[in-house]
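**Q** no sequence for this one, just the structure:
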């Protein structure tokens, strides 16, 4: 249990997808104009990561890596399908994003309209694929660890986009120099927040 908690906290603060690896910046910058829209996209990202990372873990463990197909018979012990990693991972991600898109369109048409093109673009959000590839690289021992890592990464991404959205709502009333208004000041704030999140790297978990 302590190990799962450690993985979850690291995914949120220490290994934050936005502030540690700068993954998923396109959606982060484009959708973070209001807190409500950012919250909706962040929850969608949590759902997609929470589903795709464990599914990709199962694919990696029982299909892709060398020797994974031994459950089919001893003749498959030397089969290595890791070259299919990107194709299968992206296929799983695209399927989950399509499911999320249909759910949001059904139950929240307003949020669906606000998210616009950036909702289906979750399928090519590098934070989503990055979660699965980090899971594969770190070789988690159990499905539970992979699932907690996916959820923690999603919560960290949600925290980042909601935080920047709240700041962007406030700075509309600030006297920002004209050349820096819009994305300029957003880049600067993101960099400062990234530096602030580096302080979590000193935490021993």
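**A** Cool, the structure landed. As the structure is a computational prediction, the values presented were derived from the model and not from experiment. Numbers count the residues shown, from 1 in each chain.

**Q** all contacts plus neighbour counts: C-alpha atoms, from now on.
**A** Fine.

**Q** show me what counts as buried in stretch 154-171.
**A** 154-168 (16 or more other CA atoms under 10 Å).

**Q** what comes into contact with that stretch?
**A** Identification of contacts with stretch 154-171 by CA atoms under 8 Å, 6 or more residues apart in numbering yields 11-13, 16-19, 28, 32-35, 38-39, 41-43, 45-47, 49-50, 186, 189-190.

**Q** which residues does the helix or strand hosting residue 191 contact?
**A** Per DSSP states H and E, residue 191 falls inside helix 183-197. Helix 183-197 is contacted by residues 13, 14, 18, 19, 20, 29, 164, 168, 176 when judged by CA under 8 Å, 6+ apart.

**Q** so residue 23 touches residue 130, yeah?
**A** Yes. Residue 23 is within contact range of residue 130, at 7.5 Å (criterion: CA atoms under 8 Å).

**Q** so who does the nearest residue to residue 26 once chain neighbours are set aside touch?
**A** Spatial nearest neighbour of residue 26, chain neighbours left out: residue 125 (7.9 Å); criterion: CA to CA, 6 or more residues apart in numbering. Contacts for residue 125 (CA under 8 Å, 6+ apart) come out as 23, 24, 26, 27.

**Q** okay, and which of these map to helices?
**A** Per DSSP state H, helices hold the following members of these: 26, 27.

**Q** of the contacts of residue 125, buried ones?
**A** Buried among the contacts of residue 125 by 16+ other CA under 10 Å: 23, 24, 27.

**Q** and residue 56, how many neighbours?
**A** The tally of other residues near residue 56 (other CA atoms under 10 Å) stands at 27.

**Q** re the thing from before, and of the contacts of helix 183-197, the nearest to residue 139?
**A** Closest approach between the contacts of helix 183-197 and residue 139, by CA to CA: residue 14, at 18.5 Å.

**Q** tell me the spacing between that closest one and residue 67.
**A** Distance, residue 14 to residue 67, using CA to CA, to the nearest Å: 33 Å.

**Q** re earlier: among the buried residues of stretch 154-171, which are located in strands?
**A** Applying DSSP state E to the buried residues of stretch 154-171, no entry is found in strands.

**Q** for the chain, which spans come out with low pLDDT?
**A** Within the chain, the set of residues satisfying pLDDT under 70 comprises 205.

**Q** just the helices in this structure please.
**A** Under DSSP H, the chain gives helices at 2-9, 25-31, 35-59, 85-107, 109-115, 126-138, 143-171, 183-197.

**Q** of all those, which one is nearest residue 77?
**A** Closest approach to residue 77 among the helices of the chain (CA to CA): helix 35-59, 15.9 Å.

**Q** circling back to that earlier point, report the two of the contacts of helix 183-197 separated the most.
**A** The widest separation within the contacts of helix 183-197 (CA to CA) is 30.4 Å, between 14 and 176.

**Q** which of those two has more neighbours?
**A** Neighbour count, other CA under 10 Å: between residue 14 and residue 176, residue 14 has more, with 20 against 12.

**Q** just confirm the more buried one contacts residue 153, I think it does.
**A** No. Look at residue 14 against residue 153 with CA under 8 Å: they stay out of range, at 10.1 Å.

**Q** neighbours of residue 116, how many?
**A** Residues lying near residue 116 (other CA under 10 Å) number 12.
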